[in-house]
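> take this sequence and fold it.
(chains A and B)
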Protein chains: 2
Amino acid sequence: MEKTKVAIIGLGTVGSGVARILLDHGDRTGRHAGRTLWLEKAVVRDLAKARDCDLPAGVLTDNVDDVINDPEITLVAQLVGGLEPARTIMLRLLEAGKDIVTANKALLAEHGPELFDRARELGRSIAFEAAVAGGIPIITNISQCLSANQITSLHGILNGTSNYILCKMHEEGGGDYAAAVADAQRLGYAEADPTMDVDGSDAAQKLAILAHLAFGARLNWRDIPRVGIDKVDPVDIQYAKQMGYHVRLLAIADLKDRGLDCEVTPALVKAGSPLGEVNGPFNAVLVKGDAVGPLFFHGQGAGQMPTASAVAADLIDSAAGRTAITFRTLELWSDAVKGVDQADFADSTGRRYVRLMVDDHPGVLAGVTKAFGDEGISIASVLQKEPLAGEDVVPLVVMTHAASEAAIDKACATIAAMKSCRSEPVKMWVRD
Amino acid sequence: MEKTKVAIIGLGTVGSGVARILLDHGDRTGRHAGRTLWLEKAVVRDLAKARDCDLPAGVLTDNVDDVINDPEITLVAQLVGGLEPARTIMLRLLEAGKDIVTANKALLAEHGPELFDRARELGRSIAFEAAVAGGIPIITNISQCLSANQITSLHGILNGTSNYILCKMHEEGGGDYAAAVADAQRLGYAEADPTMDVDGSDAAQKLAILAHLAFGARLNWRDIPRVGIDKVDPVDIQYAKQMGYHVRLLAIADLKDRGLDCEVTPALVKAGSPLGEVNGPFNAVLVKGDAVGPLFFHGQGAGQMPTASAVAADLIDSAAGRTAITFRTLELWSDAVKGVDQADFADSTGRRYVRLMVDDHPGVLAGVTKAFGDEGISIASVLQKEPLAGEDVVPLVVMTHAASEAAIDKACATIAAMKSCRSEPVKMWVRD
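Down below sits the predicted model:
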């Protein structure tokens, strides 16, 4: 069987997992690629560091030039995180004539256009299944399996850390945020600094990549409106639970006549619905296509072997020759593809959960409902809770029928200005 | 852009859907294939019949030789159902040098080895995404996206008709089977003769195909043990519901040291679990891989456009050149692939639901629990219901811990022989 010589750059958690698949399951990868995937080099920063995979002699190196200057290495799993030196390494690898597989979503969200352009110019390919949703093959499914569809909507739970924390708070009927974060850190689901996960940045980067694939949208991930779970009050998780909903951090891209509605935000999702039943540190994506209808994927969005599974599948596809075809036809971030623009966020419509803290006085409810009515917002239900112990403010939960973001914002501003309103109104989408 | 000339054979529901995608969305299919997919011919039995798609002049024909003898047509969607003349047409198309896309699972389950062998000999390819689970791209996911994994388990809801009927009966707390079938027929979810759907044959054919892809197993679908939903008593759906379970027709393939456990059978699936929440005429597949872990797919398993979506994706993959690579490396049903054998069904183990109808006399429960104990079966819970109105028999539901099929069968035989046992014990798997 012919050989494809492969290098791995970055032998962290995922890189070690990929090395193990290549070394331990050469029969499997070879059969599917139609050629042997031969691990020739693994580049690390520190040769002395202990690793959880045994490499054959001569494979380990701390010099990336050992890969770049070896013309027999034609395929590289580039698993260095962050923007630099990852970007420079990618460009040098492409210029040296190598096809690349990467899991670095931040790099693609930031420098995708430059990297994909350069790969095209040089007749090379970049595969990135592992960059979004870890073990869920959502990239291949969107770019290949659903290629006969116009995708009309994409709703994802793309950050397992946030999902774990929200589930933990839900289980406890509105548990403490800091305690849930600490718990996620203890279990290895959250980093020491979880900012990018909990503030929605990680999900926004992934959504930017998926929205480009699914809709041709050229989004800077920073332009995607985002609210993180660090802004969620446990009391809202408690009320959502009482009404049969889970709060989930959704990454949303909906194709409308006026453009693409794009957002990362905590939302109420009905219990028993596919996205509502995604529990723990899992990822999920609900895609709708004009031919296929709704299609739902659920799996592990992170972790060593699920991510390595995606990287190894890309290596196999690249060695077999499928990636070159897909990469050429997809025309990622090329000027040849006419995409869709981001729609004005203010015009987004949908049902809303609005929670107010108001004085327990006669006439307050009438004032609140009038504020919604004045903006043409129809109220589906109102839930007035008992006053919190020892306080004279009462929580008031309003579930609206479909209304625009702008109308909801105006109604909330009117209510916030009322003397009887004791804190900023909280609003979230409601999805069934 | 270069053209691939395509023919469709069989312009029924799915064929018309495929024609509509090719005719209405040529830009989309062309962009993804890297070449125009040009509908050159559509072969039908009756030229006069009304159809739900408008074809350009000269496309429609009732002579399959118009396709076979046209060397410019290189790709054919073969959508004629049944075994003959579908098999002969497939062989003639292959011999005429055409790549084939088909949705005919019965044909592949029956004549797959012959057809795939012939395609390989002739250097052609057969793609069949639409043959299993309709719009869910499970074939591509198993054969391409999960290629770095050893798949260890595959549990599917592969027959939407059965699932609709079971859900309908569940909703009504154990509703009437015949009424649910009539309802499914009225809504177009069941054929006039639903035998192949409700007796598990359809699911067994699909499972045979998936088990070959996932495990290399060479199964005759008739050798897969199967129980249909036509054997399910509404009372068991009612009891399952009371205990927090749904009854689902599962197609199961579990890789064990002793071989592949394969079965199509109604089973109790926990509410809130992915397979437990598959409602209505949907399909779903839960795959476990040794690297990726559990991966869950949910979508429309039938219907015009979902199935056409899968056929059209195969046409795009074939025209783009990906299918040729995948088909070559998969070596479907070839002697080159060492697969796994079907395990002895008697050794299958798992938790069981057993429902008995027994006399309402002292000592009966003791006799029943002794029968389980004598076979080393540990009982998880016992639920004795009130006697049915006007009768002196009581339903007794036993939930066991994991036990082998053989042990359960022996215990059930012992109980059935007891004077106090008034009907054949009913047993189903319990899956969480």
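
> skip the chain neighbours and tell me the closest residue to the residue of the stretch 201-350 of chain A found nearest chain B.
Nearest to chain B in the stretch 201-350 of chain A, going by CB to the nearest CB, is A:Ala312, at a distance of 3.4 Å. For every residue, glycine as well, the C-beta is placed using N, CA and C. Take A:Ala312 and drop its neighbours on the chain: the residue closest to it by CB to CB, 6 or more residues apart in numbering or on different chains is B:Ala148, 3.4 Å away.

> my guess is that neighbour meets A:Thr307, correct?
No: using CB atoms under 8 Å, B:Ala148 is not in contact with A:Thr307; the gap is 11.1 Å.

> please, where are all the helices along the stretch 1-150 of chain A?
A:13-24, A:26-33, A:65-68, A:86-95, A:105-121, A:138-140 (DSSP state H, counting those that start in this stretch).

> from those helices, which stretch is densest packed?
Ranked by mean neighbour count, these are led by helix A:138-140 with a mean of 26 (mean count of other CB atoms under 10 Å in any protein chain shown).

> which other helices and strands does that helix contact?
With contacts taken as 3 or more CB pairs under 8 Å, 6 or more residues apart in numbering or on different chains; DSSP states H and E, helix A:138-140 sits against helix A:201-215.

> and the angle from the helix it packs on to helix A:105-121?
Calculated by axes from the mean of the first three to the mean of the last three CA atoms, to 10 degrees, helix A:201-215 forms an angle of 30 degrees with helix A:105-121.

> centre of the chain to helix A:201-215, how far?
Relative to its parent chain, helix A:201-215 has a centroid offset of 7 Å by CA atoms, centre = their mean, to the nearest Å.

> what is that helix packed up against?
Against helix A:201-215 (3+ CB pairs under 8 Å, 6+ apart) you get helix A:105-121, helix A:138-140, strand A:151-157, strand A:245-256, strand A:259-270.

> residues of the stretch 51-200 of chain A that sit close to chain B?
A:129, A:135-137, A:140-141, A:144-150 (CB under 8 Å from any CB of the partner chain).

> nearest spatial neighbour of A:Asp199, skipping sequence neighbours?
The shortest distance from A:Asp199 to any non-neighbouring residue, by CB to CB, 6+ apart, is to A:Gly228 (3.7 Å).

> wait, that neighbour touches A:Ser162, no?
Yes: under the contact definition of CB under 8 Å, A:Gly228 touches A:Ser162, with a separation of 7.4 Å.

> helix, strand or coil: sort out the residue at the greatest distance from the centre of chain A for me.
What lies farthest from the middle of chain A is A:Pro362; by CA atoms, centre = their mean that is 45.1 Å. Three-state assignment for A:Pro362 (DSSP: H, G, I helix; E, B strand; the rest coil): coil.

> what separation is there between it and chain B?
Distance of A:Pro362 to chain B, given as CB to the nearest CB, to the nearest Å: 42 Å.

> dihedrals phi and psi, that residue?
phi -60, psi 150 (degrees, to the nearest 10).

> for A:Ser420, see how far away it is.
Between A:Pro362 and A:Ser420 the distance is 10 Å, computed by CB to CB, to the nearest Å.

> now the buried members of the residues of the stretch 51-200 of chain A next to chain B.
Among those, those scoring as buried are A:Glu129, A:Gly135, A:Ile136, A:Pro137, A:Thr140, A:Asn141, A:Gln144, A:Cys145, A:Leu146, A:Ser147, A:Ala148, A:Asn149 (criterion: 16 or more other CB atoms under 10 Å in any protein chain shown).

> ok, residues contacting stretch A:194-208?
For stretch A:194-208, contacts defined as CB atoms under 8 Å, 6 or more residues apart in numbering or on different chains pick out A:105-106, A:109, A:131-133, A:156, A:158-159, A:161-162, A:165, A:181, A:184-185, A:190-191, A:219-222, A:224, A:226-230, A:249, A:251-253, A:262, A:264-265.
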